[in-house]
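Asker: next input, structure requested:
(2 chains, ligands or ions: 2)
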Protein chains: 2
Amino acid sequence: MKTVFSPGQLAHDPRHEISDGELKPAVEIPARAEIVRARILEAGMGEILAPEEFGMAPLARVHDAGYLDFLDSFWSRWTEAGRGGEAFPFVWPVRGLRADPVPDHIDGLLGRYSFDAGTPMGEETFAAARASANSALTGARLVAGGDRAAFALCRPPGHHAAADYYGGYCFLNNAGIAAQWLRDAGAARVAIFDVDYHHGNGTQAIFYDRSDVLFLSVHADPREEYPYFLGHAEETGIGAGEGFNVNYPLAPGADWAIWSAALDAGLERIARFAPDVLIVSLGLDPYEKDPISRFRLTQDDFTRLGARLARAGLPTLFVLEGGYAVDALGVNCVNTLTGFEAG
Amino acid sequence: MKTVFSPGQLAHDPRHEISDGELKPAVEIPARAEIVRARILEAGMGEILAPEEFGMAPLARVHDAGYLDFLDSFWSRWTEAGRGGEAFPFVWPVRGLRADPVPDHIDGLLGRYSFDAGTPMGEETFAAARASANSALTGARLVAGGDRAAFALCRPPGHHAAADYYGGYCFLNNAGIAAQWLRDAGAARVAIFDVDYHHGNGTQAIFYDRSDVLFLSVHADPREEYPYFLGHAEETGIGAGEGFNVNYPLAPGADWAIWSAALDAGLERIARFAPDVLIVSLGLDPYEKDPISRFRLTQDDFTRLGARLARAGLPTLFVLEGGYAVDALGVNCVNTLTGFEAG
Ligand SMILES: [Zn+2]
Ligand SMILES: [Zn+2]
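Answerer: Numbering: from 1, shown residues only, chains lettered A, B, ... in the order given. Ligands and ions are numbered 1, 2, ... in the order given. Next comes the predicted model:
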């Protein structure tokens, strides 16, 4: 299958993140994409295309206009305020506090449009996020045009970003943007299956009231793991979306036997939904050696994952999400994709 | 007037805070209380009493039970999780994310029960916050017992803490706890006038639907200043509380002429309310040399502030809130209190 990737996605190059009350080296770094790209070339998996430029319109179909304006104008506001370097928000409008009116001050804006403290934003962040979204959109166009599958090598990732907030290293919801673009291009139904270790809270939130985009996620129980505040089994959708949101939270420590049972249940639900396209939010952090995660998938399990996904028999767009065991990302990613192709 | 203070309030001794994406030296430090205490002694302002122990019951009248359990059990959970040193939350349940179910993981709990990233919590934090609340309660008992006024030298401060979240260096809402205790002790109406540079979002939230506790605040416009997400003029209360919440947001840069006009408007509103007791949330950060604030009150203006408050002719409890120009805190605080006594 073809891969879509732009070197522009590497421009977001954070130095630090804040966690456990310390400024630590960033883990969502350009090397993540580079090692995946290198392994694709090494494995001879197929062509790597540069993304087309889709402009702002497909982003605005999923994201709030004020949020996009904020991302677009952030660096000029930040530097006009005499600031520089990486920005971290530090105060948030939780319950009882008001998201609106939107503050004027840049520190207020940072909190208004985010939900965590660990996602650094700099001069090139929005450009890189846009390039990443263009890769997802280009992959969607390949699949809409008849390719059996495509791989959008998206980085920065997307599944934690909602309509109007960033966090979890995510700024634009690449999978969600691709799903909406496919709907607008004529697909009646799109399923998004999120296999990242962490719940795809942003994607769930974006489609929670809709029946045309089925969202499913296998992830660590939010009582025990980030993002903590979404991803429970009882979250099944609302209004027209009731029944079209499916969470499989698993206890940390789950191995392939446990994990793949949830995967199979999800694939059965997808079969009943009969979507025109399947989008896989491909997080590689269920890997047993991921430094921030606690599932126990092996490198061979990723090959098995690809094969099982292939059995769904659907045009499939893979969109890269998380995964922080940098040395193994290339192998685990390509194992999934070649497992799919062989499956 | 008498001052209430416990050395136990000094046990919360944070090293760092996170702001602007950096770990910086903490500004809400024990020296704040010590310099105020020293100036009170130097000025011969009156006796300094140790607080009585009121137990948990008066805290539970204002704060959520789960929140108090969290504060109480925090250090044992934190250390059982293999952590140590100061704790900072890093992810919050903003809109669309769920505050309930409450997570089990300590990092989830930290975000569930807070609203900012800049408020360090350590082993002694809850003990110090309880001692600070006991000082406020002891001050309330003095006023209820007939003293014209009392000064609760509260530190850590309280006005940013709401029923179930901490932030802005605040853990327990000392002024709110004192107000509720006075109500329970027989006062029909209590007014809280918050003169801190920053909006008292926690106090507002606690009493927003009530007509028995009038909350007023003169502060920097939240569009421009922390806490950014509460403190607008149109926030006038809800339900039975409609008309009993009064905000005077001022543009940064306000001097005594502008600031005291809002003060006078607030005092007129208080006169119409005819409370049994006035509580002054005494933030000293409207001071012109405060390092994190942008109002322009002089040291003499604090004397004027005390005199104006005295003219209300009400039993008055002063509760210390913010103020970070450490060298000047003692003078500005005692100027206010002696201005009141002479007024
Ligand atoms: Zn992840
Ligand atoms: Zn303040």
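Asker: residue contacts, the residue in the stretch 51-200 of chain A positioned nearest to ligand 1?
Answerer: Minimum separation of the stretch 51-200 of chain A from ligand 1 (Cβ to the ion) falls at A:His198, amounting to 3.7 Å. (Glycine included, C-beta is placed from N, CA and C.) Each residue near A:His198 by Cβ atoms under 8 Å, 6 or more residues apart in numbering or on different chains is listed here: A:159-160, A:168, A:219-220, A:225-227, A:283, A:285, A:293, A:322.
Asker: next: A:Asp212.
Answerer: The neighbours of A:Asp212, taking Cβ under 8 Å, 6+ apart as the test, are A:183, A:188-190.
Asker: also A:Lys289?
Answerer: Residues counted as contacts of A:Lys289 (Cβ under 8 Å, 6+ apart) are A:325, A:328.
Asker: could you grab the helix/strand/coil label for it?
Answerer: When states are read from DSSP: H, G, I helix; E, B strand; the rest coil, the local structure at A:Lys289 comes out as coil.
Asker: check what pLDDT it gets.
Answerer: Taken from the predicted model, the pLDDT recorded for A:Lys289 is 97.
Asker: ok, the residue of chain A found nearest ligand 2 - how many residues close by?
Answerer: Of all residues in chain A, A:Val91 sits closest to ligand 2, with a separation of 13.0 Å (Cβ to the ion). Around A:Val91 there are 28 other residues, counting by other Cβ atoms under 10 Å in any protein chain shown.
Asker: near the nearest residue to it once chain neighbours are set aside, how many other residues are there?
Answerer: When the adjacent residues along the chain are set aside, A:Val91 lies closest to B:Asp116, with 4.1 Å between them (Cβ to Cβ, 6 or more residues apart in numbering or on different chains). The tally of other residues near B:Asp116 (other Cβ under 10 Å) stands at 28.
Asker: for the nearest residue to A:Gly322 once chain neighbours are set aside, what are its contacts?
Answerer: Once flanking residues are discounted, A:Gly322 sits nearest to A:Gly283: 4.3 Å by Cβ to Cβ, 6+ apart. If a contact means Cβ under 8 Å, 6+ apart, then A:Gly283 has A:157, A:159, A:194-198, A:321-323 as its contacts.
Asker: contacts for stretch A:237-257?
Answerer: The set of residues external to stretch A:237-257 that reach it, using Cβ under 8 Å, 6+ apart, is A:199, A:204, A:207-211, A:213-225, A:231-233, A:235-236, A:258-259, A:262, A:265-266, A:269, A:273, A:294-298, A:301, A:304.
Asker: which among those end up buried?
Answerer: A:199, A:204, A:207-208, A:210-211, A:213-225, A:231-232, A:235, A:258-259, A:262, A:266, A:269, A:273, A:294-297, A:301, A:304 (16 or more other Cβ atoms under 10 Å in any protein chain shown).
Asker: ok, A:Ile29 touching A:Pro14?
Answerer: Yes - checked against Cβ atoms under 8 Å, the pair A:Ile29 and A:Pro14 is within contact range at 6.9 Å.
Asker: quick one, strands of the stretch 1-150 of chain A?
Answerer: Remark: strands assigned in the stretch 1-150 of chain A by DSSP state E, counting those that start in this stretch are A:2-4, A:16-19, A:22-25, A:48-49, A:149-152.
Asker: out of these, which gets nearest to B:Ala136?
Answerer: strand A:16-19 (32.5 Å; Cβ to Cβ).
Asker: distance between the closest one and the chain's centre?
Answerer: In terms of Cα atoms, centre = their mean, to the nearest Å, the gap separating the centre of strand A:16-19 from the centre of its chain is 20 Å.
Asker: what about A:Tyr197, which SS state?
Answerer: coil.
Asker: for the nearest residue to A:His199 once chain neighbours are set aside, grab phi and psi.
Answerer: Beyond its immediate neighbours in the sequence, the residue positioned closest to A:His199 (Cβ to Cβ, 6+ apart) is A:Gly231, lying 2.9 Å away. A:Gly231 adopts backbone torsions of phi 120, psi 20, taken as degrees, to the nearest 10.
Asker: now do A:Ile192
Answerer: Here A:Ile192 shows phi and psi, under degrees, to the nearest 10, equal to phi -120, psi 120.
Asker: before we move on, back to that, most neighbours, which of the contacts of A:Asp212?
Answerer: For the contacts of A:Asp212, the largest number of neighbours (other Cβ under 10 Å) sits with A:Val190, at 27 neighbours.
Asker: sec struct for A:Leu216, please.
Answerer: Reducing the assignment at A:Leu216 to three states with three-state DSSP gives strand.
Asker: which stretches of the stretch 1-150 of chain A have low pLDDT?
Answerer: A:20-21 (pLDDT under 70).
Asker: start from the N-terminal end of it and give the helices.
Answerer: Ranges of helices within the stretch 1-150 of chain A are A:30-43, A:57-60, A:65-80, A:106-112, A:125-144, based on DSSP state H, counting those that start in this stretch.
Asker: looking at these, which is buried most?
Answerer: With neighbours taken as mean count of other Cβ atoms under 10 Å in any protein chain shown, the helices of the stretch 1-150 of chain A reach their highest mean count in helix A:125-144, at a mean of 26.
Asker: was I right about A:Val27 contacting A:Glu17?
Answerer: Yes - using Cβ under 8 Å, A:Val27 is in contact with A:Glu17, at 6.8 Å.
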